[in-house]
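Enquirer: sequence? don't have it. structure:
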Ligand SMILES: Nc1ncnc2c1ncn2[C@@H]1O[C@H](COP(=O)(O)OP(=O)(O)OP(=O)(O)O)[C@@H](O)[C@H]1O
Ligand SMILES: Nc1ncnc2c1ncn2[C@@H]1O[C@H](COP(=O)(O)OP(=O)(O)OP(=O)(O)O)[C@@H](O)[C@H]1O
Ligand SMILES: [Mg+2]
Ligand SMILES: [Mg+2]
């Protein structure tokens, strides 16, 4: 392999693709890079990633991107159609620029998504793995609680929570998280049951590890990949649930530009001024699609069997 | 000389009601310090169960077990000193390594759990002890062959510097060339670190090669204790042991095979 | 010809970051209604050969061959649906890792019954009866209890015997057994081998027996393929395995401990890069060592 005249320096690519990493950091970087290479071959997943990166950028640079103030009303210019000069996507019933509201709405959407994505899976993971690992009556009690939550339709339960906690975006997030965790607990428990009797768990027990350490260090890493995939696939549902609460007036409060609430506003004019409700609807659709595509791609990357 | 391991009338059971099974029915034997002791016998006769009871993985047992004359407490709990002294290598190298942990993680987690601080140095030493180069350190189990995995499992068991190693069929999943490497490695480690082995194997040649004495088990009972000389001379008294030794001479086609195949019809 | 299986120039490749990795590099053999042993060191491609015949190589791995004929019918162009009808019913495979192949959260009995009912229209009670019979046939002592047990409640050897029971129930024409007896003691092993042997002799089943136990293969099989680095380096009549000439085969034979001759250290195999390059031995040179 020693070709003369070649640069002796290893390229970045070779450094990242090596089979013999030299340090922990190197090993981690290499495995990330290999995952990325696999992810990159899935073009639909790349589209999903692209959509989400765009959403992130839009949210970050909203004040610079938006042509107008999203909450400034101008009743003289209400319900302008698509393509009006200065108002590319028209205006709503209070004369607010729809494009600007969509752009600022991206922030609200991301806020909801990030919070729910942090709270629900972690609660689910904790409940599911403890139930699965401990077994016995701990398992029974925790799983009955999960069943109770699962037995209610999601939106109805969220409504009940919001009604109890009061309307508002934080409470909407809390309500959605509280209704979203049970399926994750189920998944985590099922995975734990297949793992807990394996020899490699027995082996750490023989090193004197405590149950909580076994759960967090040894069981979680094996559950997390299926949870991440599941969460990205559920994201669309979560955005829609938030939109649903917004639509019912229980989520984001006016004049906050939340996409669901915008659809709700536009509903009254749906026949004559269809774009008012359609534009935020499209935004929700595109972002949901982005999450779904990403989830599919991640499933391929995170499946340990696919690794070489 | 005091015994490193002693078992007196050990009974181990699982389940209750109609699923109750007495996996070990009164086993009594001793393993002297520095000795290598073999457990052979029928599949499902309770060999692994004896090891699991000792290490607290099979919690329901009666009788007496002692490590260095110190009695082992009932239930699944063992103190840190116990795990420092007794370690186990599992039957199946494909199942005994965490699929998402690199070798480095496996070993450093083990060392941390035993309270060591000079982890870097120890990992390097362990890897070279079991004959794996530093290139393997950041590999994941799926990047290793069966023999390499078994070496990692052995390195993990050696990490707390135990005095007693329980080996549950350490080479049954490996091919003969790797088996030779692992058995040589184990012999070297035993003489270097002055270890005591309790070793399960169904391969009588392996037992004869490694151990000075062995117990033969059938249906949860120890039917015979044999020295390796007895084994080599085929001097067995119990009919099961005699059958085992005959079978070990090689497979003989059973021309009018009873049972078995009828069920397949 | 009464060839049951005819494999010509089988290749299995995996794309890796370092380029294409060839796990099997042009293996050819023919199998009648006989016992064919495949031996070789770990990683030599034994399991991949077995899986490739059933087209069970996971993506991104790929199988290529001139043909893989079962009873004269090529398996390669078959659709996935047609293959599903072949698997289990006509060709069964006992996988190397029984505990990995069993569902850890399902009772053993249900899994055997499911495997049986997949290929026959048996009633539940009929399937149950057959499952219990099979458990007994593979020398499991209390079949009723094991029927209700979960995989982790079994000993290593019991898991292996259950896999065998599962694969024999649908009565396949060809059985590929990947290290089926590695966790069994010699006496139970003998009983399990007797079952397979009887199926070969009386029902004309073909058997591919993958193993690392050279003595066993020499005694149990009719013919042996010796694999190294994805190729067949030598084939011979099983009874003459101990006269094999290839240094690799000799190395494998010498690295086994022997019960009657104690040694301090076992010999380990020293590999020669030239073995890797030697061409694969074809199906028609199979009587090589007889000379
Ligand atoms: N967790 C468990 N729950 C119920 N039964 C169990 C459990 N573990 C083992 N057994 C039973 O105990 C008996 C002995 O099992 P053990 O694993 O000790 O056998 P072994 O001698 O190691 O056999 P092998 O050589 O096949 O590994 C078997 O009948 C098995 O079904
Ligand atoms: N997904 C994969 N990607 C790349 N290489 C693979 C993959 N799966 C298997 N291999 C390689 O294919 C080769 C053949 O593997 P195979 O499982 O057939 O070996 P084997 O002869 O059955 O060995 P053993 O006796 O250990 O079971 C090995 O070198 C292995 O590393
Ligand atoms: Mg065992
Ligand atoms: Mg294999």
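Expert: Perfect, I can see it now. Because the structure is a prediction, the values reported are computed rather than measured. Ligands and ions are numbered 1, 2, ... in the order given.
Enquirer: would you mark the buried spots in the longest helix along chain A?
Expert: As assigned by DSSP state H, the longest helix anywhere in chain A is helix A:98-134. For helix A:98-134, a neighbour-count test (16 or more other Cβ atoms under 10 Å in any protein chain shown) marks A:98-113, A:115-117, A:119-121, A:123-134 as buried. Backbone N, C-alpha and C define where each C-beta goes, glycine included.
Enquirer: grab the nearest non-local neighbour of the closest residue to chain A within chain C.
Expert: Nearest to chain A in chain C, going by Cβ to the nearest Cβ, is residue C:152, at a distance of 3.8 Å. For residue C:152, ignoring the flanking residues on the chain, the nearest one in space by Cβ to Cβ, 6 or more residues apart in numbering or on different chains is residue A:197 at 3.8 Å.
Enquirer: for the chain, what helix or strand is lowest in average pLDDT?
Expert: Going with chain A. Within chain A, no helix or strand scores below helix A:12-17, which has a mean of 76 by mean pLDDT, DSSP states H and E.
Enquirer: is that helix up against chain C anywhere?
Expert: Yes. Helix A:12-17 lies within reach of chain C by Cβ under 8 Å from any Cβ of the partner chain, at residue A:17.
Enquirer: contact partners of that helix?
Expert: Outside helix A:12-17, the residues that touch it by Cβ atoms under 8 Å, 6 or more residues apart in numbering or on different chains are A:26, A:29-30, A:33-34, C:17-18.
Enquirer: the helix or strand where residue C:47 lies near ligand 2 anywhere?
Expert: Taking DSSP states H and E as the criterion, the element that holds residue C:47 is helix C:46-53. Yes. Counting by Cβ under 6 Å from any ligand atom, ligand 2 has neighbours in helix C:46-53: C:46-48.
Enquirer: gap between residue A:292 and residue A:122?
Expert: Between residue A:292 and residue A:122 the computed distance is 22 Å (Cβ to Cβ, to the nearest Å).
Enquirer: er, residue A:35 actually
Expert: Computed as Cβ to Cβ, the residue A:35 to residue A:122 distance reads 22 Å.
Enquirer: do the same with residue C:197
Expert: 56 Å.
Enquirer: residue B:221 now?
Expert: On the measure of Cβ to Cβ, residue B:221 and residue A:122 end up 50 Å apart.
Enquirer: the next helix or strand after the helix holding residue C:47 pairs with which strands, parallel or anti?
Expert: For helix C:46-53, the following helix or strand on the C-terminal side (DSSP H and E) is strand C:62-64. Using DSSP bridges, strand C:62-64 pairs in its sheet with strand C:5-16 (antiparallel).
Enquirer: near ligand 2, anything from the partner strand?
Expert: Yes. Looking at strand C:5-16 against ligand 2 by Cβ under 6 Å from any ligand atom, the contacts come from C:14, C:16.
Enquirer: flag every buried residue along that strand.
Expert: By neighbour count with 16+ other Cβ under 10 Å, strand C:5-16 contains the buried residues C:5-8, C:10-14.
Enquirer: contacts for it, please.
Expert: When contacts are defined by Cβ under 8 Å, 6+ apart, strand C:5-16 is touched by residues A:308, C:20-31, C:45, C:48-49, C:52-53, C:57, C:60-70, C:72, C:174, C:206, C:208, C:230, C:283.
Enquirer: distance from it to the middle of the chain?
Expert: 16 Å (Cα atoms, centre = their mean, to the nearest Å).
Enquirer: show me what the helix or strand following it is packed against.
Expert: Downstream of strand C:5-16, the next assigned helix or strand under DSSP H and E is strand C:19-31. Applying 3 or more Cβ pairs under 8 Å, 6 or more residues apart in numbering or on different chains; DSSP states H and E, we find strand C:19-31 packed against strand C:5-16, helix C:46-53, strand C:223-228, strand C:231-237.
Enquirer: near ligand 4 at all, strand C:19-31?
Expert: No. Using Cβ under 5 Å from the ion, we find that strand C:19-31 stays clear of ligand 4, coming within 10.5 Å at best.
Enquirer: can that strand be found next to ligand 2?
Expert: Yes. Counting by Cβ under 6 Å from any ligand atom, ligand 2 is contacted by strand C:19-31 at C:21, C:23.
Enquirer: helices along the stretch 151-291 of chain C, start to end?
Expert: C:156-168, C:186-203, C:214-220, C:247-254, C:273-277 (DSSP state H, counting those that start in this stretch).
Enquirer: tell me the most buried of those helices?
Expert: helix C:156-168 (a mean of 26; mean count of other Cβ atoms under 10 Å in any protein chain shown).
Enquirer: tell me what angle it forms with helix C:186-203.
Expert: Per axes from the mean of the first three to the mean of the last three Cα atoms, to 10 degrees, the angle that helix C:156-168 makes with helix C:186-203 is 10 degrees.
Enquirer: what does the residue of chain B found nearest ligand 3 show for phi and psi?
Expert: Nearest residue of chain B to ligand 3 (Cβ to the ion) works out as residue B:48 at 3.2 Å. Main-chain torsions, residue B:48, degrees, to the nearest 10: phi -60, psi -40.
Enquirer: so who does it touch?
Expert: Going by Cβ under 8 Å, 6+ apart, residue B:48 touches B:91, B:168, B:200, C:155-156.
Enquirer: recalculate using a threshold of 6 Å.
Expert: Applying Cβ atoms under 6 Å, 6 or more residues apart in numbering or on different chains, one finds that residue B:48 lies in contact with residue B:168.
Enquirer: pLDDT wise, what is it at?
Expert: Looking at residue B:48, its pLDDT stands at 93.
Enquirer: same check on residue B:7?
Expert: At residue B:7, pLDDT is 95.
Enquirer: now name the helix or strand holding it.
Expert: Going by DSSP H and E, residue B:7 is part of strand B:3-14.
Enquirer: immediately after that strand, which helix or strand?
Expert: strand B:21-32.
Enquirer: and that next one, how far from the chain's centre?
Expert: 14 Å.
Enquirer: for it, buried residues please.
Expert: B:21, B:23-27, B:29-32.
Enquirer: rewinding a little: could I get the residues of helix C:46-53 next to ligand 2 as TSV with distance to ligand 3, pLDDT and neighbour count?
Expert: Converted to TSV, those look like this (distance: Cβ to the ion, whole Å; pLDDT from 0 to 100; neighbours: other Cβ atoms under 10 Å in any protein chain shown):
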residue	distance to ligand 3	pLDDT	neighbour count
C:46	24	91	25
C:47	22	90	22
C:48	27	90	25
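Enquirer: pick the one among those closest to residue B:60.
Expert: Minimum separation from residue B:60 among those (Cβ to Cβ) is found for residue C:47, which lies at 37.6 Å.
Enquirer: residues in contact with that closest one?
Expert: Here residue C:47 is in contact with C:96, C:178 (Cβ under 6 Å, 6+ apart).
Enquirer: nearest residue to residue B:209 other than its sequence neighbours?
Expert: Spatial nearest neighbour of residue B:209, chain neighbours left out: residue C:257 (3.8 Å); criterion: Cβ to Cβ, 6+ apart.
Enquirer: distance of that neighbour relative to residue B:182?
Expert: Separation of residue C:257 from residue B:182 (Cβ to Cβ): 12 Å.
Enquirer: where does the chain have low pLDDT?
Expert: As the question left the chain open, I've gone with chain A. Scanning chain A with the threshold set as pLDDT under 70 gives A:1-10, A:19-20, A:303-308.
Enquirer: nope, chain B
Expert: For chain B, applying pLDDT under 70 flags the ranges B:1, B:254-265.
Enquirer: what's residue 256 sitting at in phi/psi?
Expert: Picking chain A for this. Torsion angles at residue A:256 (phi, psi; degrees, to the nearest 10) stand at phi -60, psi 130.
Enquirer: other chain: chain C
Expert: Per-residue torsions, residue C:256: phi -90, psi 140 (degrees, to the nearest 10).
Enquirer: can you pull the contacts of the residue in the stretch 151-265 of chain B positioned nearest to ligand 1?
Expert: Per Cβ to the nearest ligand atom, residue B:202 is where the stretch 151-265 of chain B lies closest to ligand 1, at 5.9 Å. If a contact means Cβ under 6 Å, 6+ apart, then residue B:202 has residue C:185 as its contacts.
Enquirer: much appreciated, bye for now.
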